[in-house]
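**Student:** no FASTA, just this:
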């Protein structure tokens, strides 16, 4: 997912949750499942075997082309990259997690 798109999407989710008094918002993954660069390549040789097997399962389930897209899209949805470094969206996620609950104030 491109830089900025995650933050834009998370902003929308949080706004919708606020407008509809939704108590819980979750995110797909705290950390990217794939190392950077994998989303823009078809060479999976550098991945650990577990990811090569996972890729094959996605391809078998969704077809080769769609499976590749789904795997790469969901594999980069974390709020931290594969190495654990914070992504741009992390600051927004942190702010959303630490805001007062509905009906609470900062002094409660």
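**Tutor:** Cool, the structure landed. No experiment lies behind these values; they were computed from the predicted model shown.
**Student:** hang on, isn't residue 68 packed against residue 59?
**Tutor:** Yes. With contacts counted by Cβ atoms under 8 Å, residue 68 reaches residue 59, the gap being 6.4 Å. In short, each C-beta sits where N, CA and C put it, glycine included.
**Student:** Can you give me the separation between the spatially most central residue of the chain and residue 21?
**Tutor:** In the chain, the centroid-proximal residue (Cα atoms, centre = their mean) is residue 77; its distance is 2.1 Å. Here residue 77 is placed at a distance of 26 Å from residue 21 (Cβ to Cβ, to the nearest Å).
**Student:** After the worst-scoring helix or strand of the chain on mean pLDDT, which helix or strand is next?
**Tutor:** When the helices and strands of the chain are scored by mean pLDDT, DSSP states H and E, helix 64-74 comes last with a mean of 76. Remark: after helix 64-74, the chain's next helix or strand is helix 89-97, criterion DSSP states H and E.
**Student:** Identify each buried residue in that following helix, please.
**Tutor:** Neighbour-count burial for helix 89-97 flags 89-90, 92-93, 96 (criterion: 16 or more other Cβ atoms under 10 Å).
**Student:** per-residue pLDDT, residue 106?
**Tutor:** Model confidence at residue 106, expressed as pLDDT, equals 58.
**Student:** whoops, residue 63 was the one
**Tutor:** At residue 63, pLDDT is 77.
**Student:** how many other residues sit next to it?
**Tutor:** 12 (other Cβ atoms under 10 Å).
**Student:** Contacts for stretch 24-40, please.
**Tutor:** The contact list for stretch 24-40, computed with Cβ atoms under 8 Å, 6 or more residues apart in numbering, reads 10, 13-14, 17, 44, 46-47, 51, 54, 71-84, 93, 96.
**Student:** List buried residues within those.
**Tutor:** Buried among the contacts of stretch 24-40 by 16+ other Cβ under 10 Å: 10, 14, 44, 51, 54, 71-72, 74-82, 93, 96.
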